[in-house]
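A.B. asks: Provide a 3D model corresponding to the input given below.
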Amino acid sequence: QVQLGESGGGLVQAGGSLRLSCAASGRTFSSYTMGWFRQAPGKERELVTAISWNGGSTYYADSVKGRFTISRDNAKNAVYLQMNSLKPEDTAVYYCAANRIRLTGPYDYWGQGTQVTVSS
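C.D. replies: Next comes the predicted model:
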């Protein structure tokens, strides 16, 4: 089992950048595939990006390709989301999640979320 906690959200102007962090507890973090999801008001939660246990494989939603980068540091039990060229439509609550199956899930463990607001 793994417990997750996100940080780094906030308010940023369009075109700006933010870096989200997700800290994980547990000694088996390196065995988990990690993902970042987001949920905007009135919309379903969507998978934004994911990274395999060793960082060798990644997935990006079309809407964020070329702007967002996922990375992980297994020695620190952490996964990161670097978000550049932010757009108002990126405004959402961002969640990190973990699973042991595949990049696209299903995901078993979730953080509490962190709000990202992009102003125009």
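A.B. asks: Which residues are in contact with the residue positioned nearest the centre of the chain?
C.D. replies: With distances taken as CA atoms, centre = their mean, Trp36 lies nearest the centre of the chain, 2.4 Å away. The contact partners of Trp36, taken as CB atoms under 8 Å, 6 or more residues apart in numbering, are 20, 22, 47-50, 70, 79, 81, 94-97. In this view, the C-beta of every residue, glycine as well, is placed from N, C-alpha and C.
A.B. asks: Buried residues in the helix or strand containing it, which are they?
C.D. replies: Using DSSP states H and E, Trp36 sits in strand 33-39. Residues of strand 33-39 classed as buried by neighbour count (16 or more other CB atoms under 10 Å): 33-38.
A.B. asks: could I have that strand exported to PDB, CA atoms only?
C.D. replies: Extracted in PDB, the C-alpha atoms of strand 33-39 (Å, rounded to 0.1, in the frame of the first residue of the first chain):
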ATOM      1  CA  THR A  33       3.300   3.100 -12.000                       C
ATOM      2  CA  MET A  34       2.500   6.700 -11.200                       C
ATOM      3  CA  GLY A  35       0.000   9.000 -12.900                       C
ATOM      4  CA  TRP A  36      -1.300  12.600 -12.700                       C
ATOM      5  CA  PHE A  37      -5.000  13.200 -13.200                       C
ATOM      6  CA  ARG A  38      -7.000  16.300 -13.200                       C
ATOM      7  CA  GLN A  39     -10.600  17.200 -12.700                       C
END
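A.B. asks: Tell me the first helix or strand C-terminal of it.
C.D. replies: Past strand 33-39, the next helix or strand by DSSP H and E is strand 46-51.
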